[in-house]
Each structure stands twice: as structure tokens, then as C-alpha cells.
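*Asks:* next one to model:
(4 chains)
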There are 2 protein chains.
Amino acid sequence: MNEREKILRLLAYRTVLQRFRSMGFIRVFSDNIAEVLDISSSLVRKDFSAFGISGTQKGGYHIEDILTRIQGIIGFSEPQRVIIVGAGRIGQALMHYSGFRSSGIEIIAGFDIDSARQNPAAEIPVLPMELLEDFIREQKVRIAVLAVPESSALACFDRLVRAGIRGVLNFTPHKLKGDAGTVVSNINIEHELTNLIYLVNQQWQVPSERHTIIS
Amino acid sequence: MNEREKILRLLAYRTVLQRFRSMGFIRVFSDNIAEVLDISSSLVRKDFSAFGISGTQKGGYHIEDILTRIQGIIGFSEPQRVIIVGAGRIGQALMHYSGFRSSGIEIIAGFDIDSARQNPAAEIPVLPMELLEDFIREQKVRIAVLAVPESSALACFDRLVRAGIRGVLNFTPHKLKGDAGTVVSNINIEHELTNLIYLVNQQWQVPSERHTIIS
DNA sequence: TAGATTGTTAATCGATTAACAATC
DNA sequence: TAGATTGTTAATCGATTAACAATC
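*Replies:* Below is the predicted model of the structure:
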């Protein structure tokens, strides 16, 4: 059933419904949501049905009801504490990303090998890598964002998992594999951009010179 | 056939094979690649077959051959010029991401509404938003990265498309839809992280209190 | 009522995988 | 040769969609 995609869709529903609500709407039809997200209304209804969200014929769905239900499924009762490993430009950008706060995500520390980037006194402290394992164990951190250079990606990932991290959001070019007890999400920005450029180039070539995929 | 996923896999193959090559390997078996990427060897062979990459029984695939072929499909003959709209922390991080250069991607300018972030004299100039349309037209830019705040996302997207941008890598929380002539890739970091946390929490709850998805 | 929308079933679609003949 | 691997076919799997009865 592809849990991952389904939960990502649920998050998309939440974002859209919050927007509808802030515009003053009270109810929506599956069609309204489908249109904004560019999916079919069948899929919206099917998802809602699978998550126990019900509407009424004719009246559609109560926005507030859906949001409450979604919150009950993916909302966290307490702040989720996350560390950022690698305080380069991307790491720093994520450390100060304000959108996390409102979703109940709290960045509690960054780590970097470079002393010029360290700052234990900052609001979100940036600590030396030597303190990584102790910090994870003492603070019982389970989620980490990996934003180190490619060359140290595997070694850092290994340290994180050994220290007790159970979920890694990976921005390095290594496609990391989680084992039974560890979940990994890989985001490869370079691949995403390259793929986008490829698709645009495809579309704007004359058909004759377009690369053909045999299938 | 899901072009998007297929090309992303091709990019993953390239990354892995470059790594193998740098380790001194000349040939690989579909199995070696599959293992690293956590996919099946059938899929690797099927992809290769679809892209016209052939190996030999017993001998596997020539790394150099595959890389040449992949380069022929997704490689660019000339540098691909990209602009970054929004020079906040994420925008700046992407502007200086060194990995792009080696894939033939060139960030030629950033744009920001805030004069404190502007710097037309920098190596990669950061220009005021007023110059956006003229710049795109004069430089014939087709690809843009959107890294502005949520509140101005839709308006900026609209301006980009009107000015002739054909591909947008979108980091704002709005799931943007491309029309016939425009390709959009949406990356929602907050959703990715929330999803990761959800999956970890699921896994580490006792089964009885785990949220059940009826299906 | 007439019209519209949900909830669900069955059909479709497409991607992935298993399996194996061909062959080195 | 015996063993191993490709390339491809057929089977499987699962997600999405179309369609429509139920119903407000």
C-alpha cells in the first residue's frame, strides 16, 4: 500500500485544508482537494476512507473534522527532537528553518567537525562531532538529519545508527539503506535538478531528435 | 512507465558506477548494483535493456560503457544555466552547492526582494526581483529553483512561467502544478521529515497501540 | 423531486519480480 | 564441461481510477 506515499499525501491534505480553512471555508468536496493537489477525487475519498475520515453525501467533508483526524494520526503529542549532523550551508539552513516549529519539530543541536562552525552557546548549539554519541544517548535523540559532505557520509551514518538514531533524513549523495530498526529518507537535490533539466530538454526538443526509450 | 522514477534510477546508477570505477573496478554484475541501491537485479537488467545498455553473459557489464551510455542519455552537451529565486538560507545554500558544477549545472544568478541580500557584483550575482523577467528573457534561462517564503510562492511561480521558465524545482510548501509546457518538481522538506518521524514512531510503538490502517 | 456527492467495488494500469532459456 | 549471468517473458503485485449504488 506504500505507506510512505500515503502519509505524504495525508500531509499534503493537511496543508491544503489548513489553507482552505484560513480562507474561511468550513466544508470541502473531494473534488476541491483533488484539483489543488492534481490527483483524482477517487483517490482522495479512498484515502479518507482508509484513515477513517467520513463525509456526508451532498455535504462533503468537514474541514475541521479532517484536520483533527489527521492530527490524531500524524500529529505528535510532544515536540519531536531532531539533531542536524553537518553544519555547512544546508545544515545551517535546516537548523533555522522556521516551518519545523509549527509542525512540532524541534531542532535541538547541530554537530560539525569544523571548530569554526561550532558554537555551544548559541540558541541552537553547534557542537563538535566528538560529543555526538554522548549527546544522542543522554538526550535520547532518535531522529537525525545528515548534511555532511559525501566523503564522510557513510562513516557518520554508521555512528548515528550505533548511537541509537532510528530515523535519518539524508541529504548526502549516498543512497543509504536502513536496516530493520532504522528508517532512512534520501533526498538527492542534485538528482532532482538534473532530472528536471532532462525532462525540460526532452519536452522542448523536436520529436525526431528526442531520445527514444524502447519499452 | 514513470519516466521520472526511471531517470532518477539512471542517475543513481551513474553515481554508484562512478564510485565503483574510482575503486578500480572495470566490470560489474547487475547484482552488485542492485545490492548497493537496494533494488532487484531484474530491475537493473530491465532498465539497462530499456536504455540500450547491454552486457555479456558471464562477464557482466562494462562500467565505462554504461557510464558513456548514461552520459549520452542524460548528460548535457553544454552547461545548463539555472537561476535561484529567493536568496534566503536555502537559496544561498543551493547557490553555492559545489556538486552542481560537476553535473554540468551552472547557477548563474540569484534573485531576492530584500536589498540586504542583493549583491550584483558577487561571483554569482544576487539581483533585485525587479530584474527577474528581463534577465530570464535576455539570458534565455529555462530552469529556476524556487526558494521563496510560502506567502510569495504562487506569485513568483506565476512570474517565472510567464517570463519563459520551463522547469521549476520548488522548495516551497505549495505543491505547484506545471501545465503542458512547464515541468515542476516539488520538494517538501518539512513533509519528508514529518513522514520520517511518523514512520519511526510507528515502528517503535507496541503493535497494540499502533495506528491501524484499514485496507 | 432532481441533482450532487460519498463510499466502495470491480476494472485497469503499470511497475516490479520471478523464472528460465540462451550463452559465455 | 559446469557454473554463472544476461536478457526477456510471463506472473505478480499493488496502486489508481472508473463507475455506480446509496443517499442526502
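*Asks:* only C-alpha atoms from now on, for both contacts and neighbour counts.
*Replies:* Will do.
*Asks:* can you tell me if the helix or strand bottoming out on mean pLDDT in chain A touches chain B.
*Replies:* When the helices and strands of chain A are compared on mean pLDDT, DSSP states H and E, helix A:99-102 comes out lowest with a mean of 90. Yes: on the criterion Cα under 8 Å from any Cα of the partner chain, helix A:99-102 is in touch with chain B at A:99-100.
*Asks:* now do that helix: everything it contacts.
*Replies:* The contact list for helix A:99-102 (Cα atoms under 8 Å, 6 or more residues apart in numbering or on different chains) reads A:106, B:190.
*Asks:* centre of the chain versus that helix, how much separation?
*Replies:* Distance of helix A:99-102 from the chain centroid (Cα atoms, centre = their mean, to the nearest Å) equals 12 Å.
*Asks:* do the longest helix anywhere in chain A and DNA strand C meet at all?
*Replies:* Criterion DSSP state H: the longest helix present in chain A is helix A:3-22. No: using Cα under 7 Å from any atom of the strand, helix A:3-22 never reaches DNA strand C; the gap is at least 13.1 Å.
*Asks:* where does chain A come near DNA strand C, residue by residue?
*Replies:* A:28-31, A:42, A:45-46, A:48-49, A:53-61.
*Asks:* now the buried members of those.
*Replies:* The neighbour count (16 or more other Cα atoms under 10 Å in any protein chain shown) marks A:28-31, A:45, A:48, A:53, A:55, A:61 as buried among the residues of chain A next to DNA strand C.
*Asks:* so where's the longest strand in chain A?
*Replies:* strand A:105-112 (DSSP state E).
*Asks:* in the least confident helix or strand of chain A, what's buried?
*Replies:* Buried residues in helix A:99-102, defined by neighbour count with 16+ other Cα under 10 Å: A:Phe100.
*Asks:* tally of neighbours for the residue nearest to A:Pro79 when sequence neighbours are not counted?
*Replies:* Nearest residue to A:Pro79 in three dimensions, chain neighbours excluded: A:Gly104, at 4.9 Å (Cα to Cα, 6 or more residues apart in numbering or on different chains). For A:Gly104, the neighbour count with other Cα atoms under 10 Å in any protein chain shown is 16.
*Asks:* my guess is A:Gly104 meets A:Ile74, correct?
*Replies:* No: A:Gly104 is not in contact with A:Ile74 according to Cα atoms under 8 Å; the separation is 10.6 Å.
*Asks:* after the helix or strand harbouring A:Glu35 comes which helix or strand?
*Replies:* Element membership for A:Glu35, per DSSP states H and E: helix A:30-37. Per DSSP H and E, helix A:30-37 leads on to helix A:41-50 as the next helix or strand towards the C-terminus.
*Asks:* and that next one, what does it pack against?
*Replies:* For helix A:41-50, the packing partners by 3 or more Cα pairs under 8 Å, 6 or more residues apart in numbering or on different chains; DSSP states H and E come out as helix A:30-37.
*Asks:* got the angle between the helix it packs on and helix A:41-50?
*Replies:* Here the directions of helix A:30-37 and helix A:41-50 differ by 110 degrees (axes from the mean of the first three to the mean of the last three Cα atoms, to 10 degrees).
*Asks:* for stretch A:178-194, the averaged confidence score.
*Replies:* Across stretch A:178-194, pLDDT averages out at 94.
*Asks:* show me what counts as buried in that stretch.
*Replies:* A:178, A:182-194.
*Asks:* one more: stretch A:105-115?
*Replies:* A:105-113.
*Asks:* stretch A:117-124 now?
*Replies:* Buried residues in stretch A:117-124, counted by 16+ other Cα under 10 Å: A:117-119, A:124.
*Asks:* flag the shaky bits of chain A, pLDDT-wise.
*Replies:* Across chain A, the ranges flagged by pLDDT under 70 are A:1, A:206-215.
*Asks:* that one: helices as residue ranges?
*Replies:* Using DSSP H, the helices assigned to chain A run over residues A:3-22, A:30-37, A:41-50, A:63-74, A:89-95, A:99-102, A:132-139, A:150-163, A:189-203.
*Asks:* that older thread, roughly how far is the longest helix of chain A from the heart of the chain?
*Replies:* Its chain's C-alpha centre and that of helix A:3-22 lie 13 Å apart, by Cα atoms, centre = their mean.
*Asks:* list the helices and strands it packs on?
*Replies:* Against helix A:3-22 (3+ Cα pairs under 8 Å, 6+ apart) you get helix A:30-37, helix A:63-74, helix B:189-203.
*Asks:* mind running it again at 10 Å?
*Replies:* Contacts defined by 3 or more Cα pairs under 10 Å, 6 or more residues apart in numbering or on different chains; DSSP states H and E place helix A:3-22 against strand A:27-28, helix A:30-37, helix A:41-50, helix A:63-74, helix B:189-203.
*Asks:* tell me how many other residues crowd A:Ile39.
*Replies:* Applying other Cα under 10 Å, we find 12 residues neighbouring A:Ile39.
*Asks:* test my guess that it contacts A:Asp47.
*Replies:* No: assessed by Cα atoms under 10 Å, A:Ile39 is found out of contact with A:Asp47, at 11.6 Å.
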